[in-house]
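Asker: Sequence first, then the predicted structure, then my questions.
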Amino acid sequence: MEILVEDVWKSYDSGRIEVLKGVTLRVEKGGIVALCGTSGCGKSTLLNVISGLEEVDRGLVRVAGRDVVDEPTRIELLRHRIGYVFQMHHLMPDLTLAENCMVPVIAAGGKRAEGLARLNELAEATGVARRLGQRVRELSGGERQRGALVRALMNDPEILLCDEPTGALDESNRGKVFDLLLELVRSRGRTLVLATHDPELAGRCDRIVRMRDGKTEGKGI
């Protein structure tokens, strides 16, 4: 099992705000799963828990065969096994696109030459090769989101987590970025968990898991 979440609870404000309430999710290696539900249902929190960006109150989270229980494990997973595409890209505006994309390579202790070779390959595949020298604040919304996808894939992660990755884009760019995302994931046999409120995008995934009031619903979760 690539991702295993069992009876996970997560709250904030000293337990007064419960966000995840006994969530269960199982994703096989190479699976492409859409998390669907209204805003506030817990989709983003679930992705953060899987990635190790947030700790759980109780329950089991296992990613790539490892229990996400301590900080060293979470850091190792984020550096080497997991790529994360955020809704608002989270690129540093005053750095160039290339500098932003090289951050994961540097953090993981990778070789610069190998990182640059991979950057050029991914930039060509995503159509931003000519924009690598531009500062992020000079790029369009579509270019920024494509750049965020490149950054997430720089260390060739086994698992890609995406939180509304096309939510800030217009309809034309939304379709293009999602086409690209699916192509890159499927061609490399990677696992994808996507949080989205868009039923059209969700319908193109292998499986849809619905969330409501902090819980997952349906068969095969």
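Answerer: Happy to help now that I have it.
Asker: Can you tell me the SS state at the most centrally placed residue in the chain?
Answerer: The residue lying closest to the centre of the chain (Cα atoms, centre = their mean) is Leu161, at 2.1 Å. Secondary structure state of Leu161, per DSSP: H, G, I helix; E, B strand; the rest coil, is strand.
Asker: Quickly list what it is bridged to.
Answerer: Per DSSP bridges, the residues bridged to Leu161 are Tyr84, Val193.
Asker: Confirm for me that it is in contact with Ile82.
Answerer: Yes: using Cβ atoms under 8 Å, Leu161 is in contact with Ile82, at 6.4 Å. Every C-beta, even on glycine, is put in place using the N, C-alpha and C of the backbone.
Asker: overlap in contacts of those two?
Answerer: Residues touching both Leu161 and Ile82 comprise Ile50, Ser51, with contact defined as Cβ atoms under 8 Å, 6 or more residues apart in numbering.
Asker: picking up where we left off before, return the distance of the residue nearest to the centre of the chain relative to Gln87.
Answerer: 12 Å (Cβ to Cβ, to the nearest Å).
Asker: do Glu200 as well
Answerer: Glu200 sits at a distance of 17 Å from Gln87 (criterion: Cβ to Cβ).
Asker: Do a quick rundown of the strands in the chain.
Answerer: 3-12, 17-27, 32-36, 58-63, 66-67, 82-85, 159-163, 191-196, 207-212, 215-217 (DSSP state E).
Asker: Does anything pack onto the first one? Which helices or strands?
Answerer: Helices and strands in packing contact with strand 3-12 are listed as strand 17-27, helix 43-51, strand 58-63; criterion 3 or more Cβ pairs under 8 Å, 6 or more residues apart in numbering; DSSP states H and E.
Asker: re the thing from before, show me the contacts for the residue nearest to the centre of the chain.
Answerer: With Cβ under 8 Å, 6+ apart, Leu161 has these contacts: Leu47, Ile50, Ser51, Ile82, Gly83, Tyr84, Val85, Leu192, Val193.
Asker: let's see it at 10 Å
Answerer: 3, 35, 46-48, 50-51, 53, 63, 82-86, 152, 191-195 (Cβ atoms under 10 Å, 6 or more residues apart in numbering).
Asker: same thing with Glu28?
Answerer: Glu28 touches Met1, Glu2, Ile3, Thr191, Asp206, Arg207, counting by Cβ under 10 Å, 6+ apart.
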